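1. Mind folding the following:
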Amino acid sequence: MKATTIVSTSVSFLRISENIWRQAACDHSQRIHQLLGPGLTPLDHPLNSGSYRKINERRRTRSPAVRADNDDDESLFVTALDPKHPIFNFLIEYYGLKGSKGVKRLMRWSPDPALLLDAGGILQQSCAFDDFSRHSSIHSGILLEGASDDDLATTLHLRGANLVDEGVYYSPSLFFASSDKTPVPEKETSRVAAPFLWYQSILEQTLDADPILHCYGLHEWAMQYQPPGAPPPPSEKYQQHLPLRVSRDVLNETVERKGVSCTHVDALRFFADAALPFNQFGGPLSRSDQLRLEQPACVHATMDLLKMTLKLQPFCDATLLQRVLQIALEARRLDVSASPYDASAYGVGVIPIETSEGRAEYKRRQVELMTKANPVRGELLDAYNCFLSLAFAEEDLVEGRNRLPNYVA
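-> Residues are numbered from 1 along each chain as shown. Below you'll find the model as predicted:
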């Protein structure tokens, strides 16, 4: 992305011209819509009877000067994800992307803060930064020229945005240095940094860990495990609209035969109580176990890359979000294909892990997914490293790391 960078000894300002960022925002919206398309509900679905029509009406009535070329394309209007679609409903259940607002969150755009680390050029002055004179220091950031409150209502991330005379300004350090006009207490800054440092640690651990290639996706089976005399498993409600493709006896026998090798702390939370003793890594697990067990072959760890990317928004490269979403959806498809459910009505094939042939196929697909996901995981770690260096002082990061044992307790 071409932009003009404004540099001083301690801060850098980057200006992105309106035609450039609008095209980038439009491209991002289209790509997210393309990825989510099979899971989106139609316009007349009951989930879409709320405020999205007002938002789209505003888009239609904007002046041509600020409208994107595709604003009137009804195929791009924002609708909710189908909560029954087994490939896409994890976005709702796990990551809270509910209704059209949840989809819109993924479609919103913001500039990549890593551009600030490539700063170069001649120091210039701009009235765009007069609004920040009340702060003790100027904060590095990126100005989107010509952006308006209409863009914040529909296209750009509202979180982290500062509306100024010349456009909208995004600055990681400014966002975490103050809340409205009230500075964050110095002792609280490290507390604010702790969740980001936690995810940074998880990404580092996962990249360094040896893969576990004998789990065979049995977490979904353990969720539905019900031996004779046991009460119905609480997690049966999550895919209750899907029939089981195997009998209860086959399901139970598959879990019992060789046990379960699940390393994902959050997946363990959904196991039937009777299935927990079968997990070789223990169960239930605590949050602190995640640093010890997270590993790159886990499909849920790959899906969680999306959760970590959402945590960074708006201070994250939009094209990285696109790649993360794509790989998370691929992981979910593998997850459902190896499950005991019959999802053929949604075009999902079967990997019969109850057979030796199915387990071999799952392992092959698991390795393939891991090979594709690890470079994306590395890019996300780079994004965390960049963000933390821009948003927080080094002493706050040191104190934040000291807080981590209590943070995960």
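
2. any idea which residue sits dead centre in the protein?
-> residue 306 (2.4 Å; CA atoms, centre = their mean).

3. Touching, that residue and residue 328? I think so.
-> Yes. Counting by CB atoms under 8 Å, residue 306 touches residue 328, with 4.4 Å between them. For glycine as for every other residue, the C-beta is placed from the backbone atoms N, C-alpha and C.

4. tell me which element residue 22 falls in.
-> helix 18-36 (DSSP states H and E).

5. Restrict that helix to CA atoms and write it as PDB.
-> Extracted in PDB, the C-alpha atoms of helix 18-36 (Å, rounded to 0.1, in the frame of the first residue of the first chain):
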ATOM      1  CA  GLU A  18      -8.500   8.400   0.300                       C
ATOM      2  CA  ASN A  19      -8.500   6.500  -3.100                       C
ATOM      3  CA  ILE A  20      -6.000   4.000  -1.800                       C
ATOM      4  CA  TRP A  21      -7.500   3.100   1.500                       C
ATOM      5  CA  ARG A  22     -11.100   3.000   0.100                       C
ATOM      6  CA  GLN A  23     -10.000   0.500  -2.500                       C
ATOM      7  CA  ALA A  24      -8.200  -1.600   0.100                       C
ATOM      8  CA  ALA A  25     -11.400  -1.500   2.300                       C
ATOM      9  CA  CYS A  26     -13.600  -2.500  -0.600                       C
ATOM     10  CA  ASP A  27     -11.300  -5.400  -1.500                       C
ATOM     11  CA  HIS A  28     -11.300  -6.600   2.100                       C
ATOM     12  CA  SER A  29     -15.100  -6.500   2.400                       C
ATOM     13  CA  GLN A  30     -15.500  -8.400  -0.800                       C
ATOM     14  CA  ARG A  31     -12.900 -11.100   0.200                       C
ATOM     15  CA  ILE A  32     -14.600 -11.600   3.600                       C
ATOM     16  CA  HIS A  33     -18.000 -11.800   2.000                       C
ATOM     17  CA  GLN A  34     -16.600 -14.400  -0.400                       C
ATOM     18  CA  LEU A  35     -15.200 -16.500   2.400                       C
ATOM     19  CA  LEU A  36     -18.400 -16.300   4.500                       C
END
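
6. Which strands and helices lie in contact with that helix?
-> helix 99-107, strand 141-145, helix 318-337 (3 or more CB pairs under 8 Å, 6 or more residues apart in numbering; DSSP states H and E).

7. distance between whichever strand or helix holds residue 14 and the chain's centre?
-> Assessed by DSSP H and E, residue 14 sits inside strand 12-16. Here strand 12-16 is found 26 Å from its chain centre; the criterion is CA atoms, centre = their mean, to the nearest Å.

8. Check stretch 320-328 too.
-> So, by CA atoms, centre = their mean, the centroid of stretch 320-328 is 8 Å from its chain's centroid.

9. Give me the mean pLDDT for it.
-> Computed over stretch 320-328, the mean pLDDT rounds to 98.

10. What segments of the stretch 151-300 of the chain are helices?
-> For the stretch 151-300 of the chain, the helices defined by DSSP state H, counting those that start in this stretch occupy 172-177, 186-208, 219-223, 248-258, 265-268, 289-293, 299-312.

11. got the contact list for the fourth one?
-> Contact partners of helix 248-258, identified using CB atoms under 8 Å, 6 or more residues apart in numbering, comprise 218, 221-222, 224-227, 244, 246, 275, 278, 340, 353-354.

12. Now do the buried residues in it.
-> 251-252, 254-255 (16 or more other CB atoms under 10 Å).

13. Narrow the contacts of helix 248-258 to just the buried residues.
-> 218, 221-222, 224-226, 246, 275, 278, 340, 353-354.

14. and which of those is nearest to residue 83?
-> For the buried ones among the contacts of helix 248-258, the minimum distance to residue 83 (CB to CB) is 19.1 Å, reached by residue 224.

15. mind listing what the closest one touches?
-> 233, 235-236, 244, 251, 272, 340 are the contacts of residue 224 under CB under 8 Å, 6+ apart.

16. For stretch 343-357, what does the pLDDT average out to?
-> For stretch 343-357, the per-residue pLDDT averages 97.

17. Relative to the whole chain's centre, how far out is that stretch?
-> With CA atoms, centre = their mean, you get 26 Å for stretch 343-357.

18. how long is that stretch from one end to the other?
-> 20 Å (CA to CA, to the nearest Å).

19. in it, what counts as buried?
-> Quick answer for stretch 343-357 (16+ other CB under 10 Å): 343, 346, 348, 350-354.

20. Okay then, goodbye and thanks.
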